[in-house]
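1. I'd like to go over a predicted model; first the sequence, then the structure.
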Amino acid sequence: MAFELSIWLPILWMATGTCLFAAVHFLHAGQAQGNARLFRAFGVLSLMVAVYIGLGAVMQTPLQGAPWMLIERLHVSFACLTYVSGFWFIAMYSHLQAWRRWVCAAALVFGSLLLVNLIGPHGLLVSSLQPVAPLVLPWGERINQLANSPGPLAPLYYLATLGAFGWAFWRCHALWKHGETRRALPLAAFLVLQVIATGHSEYTMLHPQQRFDWDALPFLVLVLLLSRTLNLETRGYAAALDASNAALREENRLRSQAETRLRLMAFTDATSQLPNRHALLDKLGSILAGTPRPHGALVVIDPHRFAVINHALGHRTGDLLMRELGQRLSRTADGDAFVVRLSGDEFAVVFLVHAVNDEDALAHAVQKAESLREDLTRPLQVERHELSVNVHMGLAMFQQAGGDAGELLRQAYAALHAAKQTGNGRPATFVQTMQDQAERRLRLETDLHAAIDNRQLHLLYQPQVDRDDRLTGAEALLRWSHPVYGDIGPQEFVAIAEGSGQMPALGRLVMQMAFSTLAALPVREPFRLSVNVSPWQLFLVDFVDTVRAAIRETAVDPHRITLEITESTFIHDVPDVAAKLRALAALGIHVSIDDFGTGYASIALLKTFPVHELKIDQSFIRDMSIAPPDRFVAAVIALADAMGVRVVAEGVEHEPQLHALRDMGCHAFQGYLIGYPLMADELARRCDPCAARPPVRETAASPSPPRR
Ligand code: C2E
Ligand code: MG
Ligand code: MG
């Protein structure tokens, strides 16, 4: 048997295989890549082309007795399917918005042709096929030749394919117009090749005996070229994706750096570089959540009168002092302790203790707090100042708190408050009654707003007499009858008003009530009504205006008013306070230093300020010796005399005290012996006639009856 060189048929089978490979590749890659639809469309197109070329190869293979008509019908059917999937792919490939409409139209046209081809009595393109003598190619290969008679509907098919090519050229042009040359060129190359192949195929139709049909090959070219284009694009996408991934990673790195910085800032106090309140709550939260909960304590530390240092030496020194205290705390508290700056002048320390039970833990914690206090109160050098700071400390044990860090902090604050009340400098440990007190304070703080607004507070007036028992004045004393807690003393709620910023409103209310009572009193010279003024009122810039307004509104005579201020007023801005007091004195108002001897007023200050009266604090009167006469009281009276200032003794409860004070030259007296605080109408009755001695004096020599 002579050797026959086979080239053409293997080429066709290789083309089939290549297209099948492309189909599998793109159908699979379409699922993994972002441009899934385009890849899927191309995969389906490649599959159709593969089958189409494969069937074409079968038809060109010389086979004895093959069902040529059936193969031809299948061949044409796959040609129809190739056109539909071509529409789908090219529409996607050229970014056609209305791609669905075009694909449906193509499916309708080529689907109808396919149906006609499959189920019609004749094939679509040929109605019969007859094998004839094979065609011998120049290298000796024989390929099958089939004589055919054309199908009646073949022109319709050719018309549809013509339309399809026209449409494909239009899409190619659209790509070109939008600058997508990379996509347009391979498509254009395929189309041109296909036109040539089809032209050649039509030409050979004229010589049916020598027909060498290669019009399936452009489809192979299409698959190859577009596979390359799509793969290149995918590589481009991947590179871009890599770049944007790298950029994203860099951005993430920068963001996490910034977050760390922000977190550090949010959890650190800028002045002391210590952790702050947020950090404390965070830390406590994790400790309290631990099981079993460790033994340990939270100590809140409040340096005594830090505001005074700030005021006197400036905020810079204050800041340095805070930093120094913070460092000292960090050094003293051992490595396990967590030192925090809570706020302006407050610190907190969290520490663990090794203990066998709760009592043992408490004892260790108190000991530790004591050692912290001792270290903090040692003198320290800040710039050129040697300062020694006293501190208040409140301590709360981990075991007492629930699971809430905020609760533990509140307990430590309640203990701190108690430490301030006792004022003995020892750390106070939280007990439940402190919590109750703290709750009471909170409730009073809230209720006080309403009490001020609704005028639920009232004034009592305690009479004052001179050496001849004449009524020379009265002191207005504030009272609050609380619906739940009953009568509350001013000592408690004035402090609450001061601490919660309500003092300006409360002070205005007191002045309005006192001045209107005074305006209605039948008083004569030398009667004056004393009104207590908190330092917080005096520091307000509009304090003098407020007094003037109250005088105007009540039409009271300012020469009948004395304002009592405590010595602590003078430790603040001295020139400012002096100017305000002078402005008041110019109106005829007198200034009295209340609780004289308990505070910080220096004798030099008495020269600077327009002071008209000193009120010796009741503690000195209570404790004074009768015979020989008390030296301190005598000295105060002598000092006042020398400066032309009147002296009032307050808290006079017994006759011997009164006599002794009178003998020492004290000018006026106030106390239960003289009279209890009275309602305004009772005072009015005493004032008329004003010279009358309050009758209560005769009955009050016994121990003090309850206050009104
Ligand atoms: P204070 O100004 O030194 O008032 C004198 C306090 O001593 C009054 O207590 C008064 O009732 C009490 N007292 C008078 N005589 C005697 C006595 O013979 N024996 C004893 N043991 N006590 C006597 P109160 O009314 O509780 O006031 C306490 C403090 O509350 C006042 O001390 C004053 O600092 C403050 N306060 C009272 N009313 C006002 C007010 O309207 N405004 C301001 N800012 N503070 C006020
Ligand atoms: Mg007073
Ligand atoms: Mg007093």
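-> Alright, I've got the coordinates. Numbers count the residues shown, from 1 in each chain. Ligands and ions are numbered 1, 2, ... in the order given.

2. Report the contact partners of the nearest residue to Trp214 once chain neighbours are set aside.
-> If you skip the residues right next to it in sequence, Trp214 has Ala197 as its closest partner in space, 6.0 Å away by Cβ to Cβ, 6 or more residues apart in numbering. To be clear about C-beta, it is placed using only N, CA and C from the backbone, and glycine gets the same treatment. Neighbour list for Ala197: Trp214, Asp215, Leu217, Pro218 [criterion: Cβ atoms under 8 Å, 6 or more residues apart in numbering].

3. which of those residues has the weakest pLDDT?
-> In terms of pLDDT, the weakest of the contacts of Ala197 is Asp215, which scores 77.

4. secondary structure class for the residue in the stretch 51-200 of the chain that ligand 3 sits nearest to?
-> As assessed by Cβ to the ion, ligand 3 sits closest to Gln97 within the stretch 51-200 of the chain, at 90.4 Å. Three-state call for Gln97 (DSSP: H, G, I helix; E, B strand; the rest coil): coil.

5. Could you list the low-confidence segments of the protein?
-> Screening the chain residue by residue with the criterion pLDDT under 70, one finds the ranges 1-3, 30-34, 205-210, 570-573, 600-602, 689-708.

6. can you list the domain ranges for it.
-> Here the domain parsing of the chain from automatic domain parsing is 8-227, 277-430, 441-686.

7. Neighbour-wise, give me the winner out of the contacts of Ala197.
-> Compared across the contacts of Ala197, Pro218 has the highest neighbour count, 21 neighbours, by other Cβ atoms under 10 Å.

8. if we can go back for a sec, which one of the contacts of Ala197 sits closest to ligand 3?
-> Proximity of the contacts of Ala197 to ligand 3 was ranked by Cβ to the ion; the top entry is Pro218 with 112.9 Å.

9. got the residues of the stretch 551-700 of the chain near ligand 3?
-> For the stretch 551-700 of the chain, the residues in contact with ligand 3 under the definition Cβ under 5 Å from the ion are Asp594, Asp595.

10. so where do the helices sit in the stretch 551-700 of the chain?
-> Under the criterion DSSP state H, counting those that start in this stretch, the stretch 551-700 of the chain carries helices at the ranges 574-587, 603-608, 618-623, 631-643, 655-664, 680-687.

11. how close does the residue of the stretch 51-200 of the chain closest to ligand 3 get to Ala164?
-> Per Cβ to Cβ, to the nearest Å, Gln97 is found 19 Å from Ala164.

12. who's more crowded, those two?
-> Taking other Cβ under 10 Å, Gln97 and Ala164 do not tie; Ala164 has more neighbours (19 against 7).

13. quick one: contacts for the more buried one?
-> Contacts for Ala164 were tallied using Cβ under 8 Å, 6+ apart; they are Tyr83, Gly86, Phe87, Ala106.

14. between the domains of the chain, which one is nearest to ligand 2?
-> domain 441-686 (4.2 Å).

15. That closest one and ligand 2, are they touching?
-> Yes. Contact check for domain 441-686 against ligand 2, using Cβ under 5 Å from the ion: residues in range are Asn532, Glu564, Asp594.

16. Give me the three-state assignment for the first one.
-> By that I understand Asn532. Secondary structure assignment for Asn532 (three-state DSSP): strand.

17. Just confirm it contacts Ala476, I think it does.
-> Yes. Under the contact definition of Cβ atoms under 8 Å, Asn532 touches Ala476, with a separation of 7.1 Å.

18. Which neighbours do those two have in common?
-> Once Cβ under 8 Å, 6+ apart is applied, the residues that Asn532 and Ala476 both contact turn out to be Val510.

19. In terms of neighbours, single out the busier of the two.
-> Between Asn532 and Ala476, Ala476 has the larger neighbour count (other Cβ under 10 Å), namely 23 against 20.

20. any idea how far that one lies from Met59?
-> When distance is defined by Cβ to Cβ, Ala476 is 122 Å away from Met59.

21. swap in Ala216?
-> In this structure, Ala216 and Met59 are 10 Å apart, going by Cβ to Cβ.

22. So for the two, which residue has more residues nearby?
-> Set side by side, Ala216 and Met59 give different neighbour counts by other Cβ under 10 Å, the larger being at Ala216 (25 against 21).

23. List the contacts of that one.
-> Contacts for Ala216 (Cβ under 8 Å, 6+ apart) come out as Leu12, Ala15, Val49, Tyr52, Ile53, Gly56.

24. let's see 7 Å
-> Listed by Cβ atoms under 7 Å, 6 or more residues apart in numbering, the contact partners of Ala216 are Tyr52, Ile53, Gly56.

25. need those in CSV with neighbour count and secondary structure, can you?
-> Supplementary listing: the contacts of Ala216 in CSV, determined by neighbours: other Cβ atoms under 10 Å; DSSP: H, G, I helix; E, B strand; the rest coil:
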residue, neighbour count, secondary structure
Tyr52, 23, helix
Ile53, 28, helix
Gly56, 23, helix
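
26. Whatever residue of the stretch 101-250 of the chain ends up closest to ligand 1: which element?
-> For the stretch 101-250 of the chain, the residue positioned closest to ligand 1 under Cβ to the nearest ligand atom is Glu250, at a distance of 63.0 Å. Using DSSP states H and E, the secondary-structure element containing Glu250 is helix 217-266.

27. Show me what that helix is packed against.
-> Other helices and strands packing on helix 217-266, by 3 or more Cβ pairs under 7 Å, 6 or more residues apart in numbering; DSSP states H and E, are helix 8-32, helix 36-59, helix 181-205.

28. next one: that helix to chain centre, how far?
-> When C-alpha coordinates are averaged (Cα atoms, centre = their mean, to the nearest Å), helix 217-266 and its chain have centres 34 Å apart.

29. can you give me the angle that helix makes with helix 181-205?
-> 170 degrees (axes from the mean of the first three to the mean of the last three Cα atoms, to 10 degrees).

30. right, and the helix or strand after helix 217-266?
-> Downstream of helix 217-266, the first helix or strand assigned by DSSP H and E is helix 277-289.

31. List the buried residues of that following helix.
-> The neighbour-count check on helix 277-289 (16 or more other Cβ atoms under 10 Å) flags Arg277, Ala279, Leu280, Leu281, Lys283, Leu284, Ile287, Leu288 as buried.

32. give me every residue that touches the fourth one.
-> Going back to what we said before, that points to Leu281. Residues in contact with Leu281 (Cβ under 7 Å, 6+ apart) are Ala405, Gly406.

33. Let me know the distance separating it from Val116.
-> 81 Å.

34. what does the second one give?
-> In this view, Ala279 and Val116 are 82 Å apart by Cβ to Cβ.

35. residues making contact with stretch 337-348?
-> 269, 272, 274-277, 279-280, 283, 298-303, 306, 322, 325-326, 329-330, 333, 349-351.

36. next one: stretch 605-621
-> Residues from elsewhere that reach stretch 605-621 (Cβ under 7 Å, 6+ apart): 562, 564, 570, 574, 578, 581-582, 585, 590-598, 632-633, 636, 640, 643, 645-652, 657.

37. can you check stretch 298-308 too?
-> Contact partners of stretch 298-308, identified using Cβ under 7 Å, 6+ apart, comprise 284, 318, 325, 342, 345-350, 369, 372, 389-396, 408-409, 412-413, 416, 427, 571.
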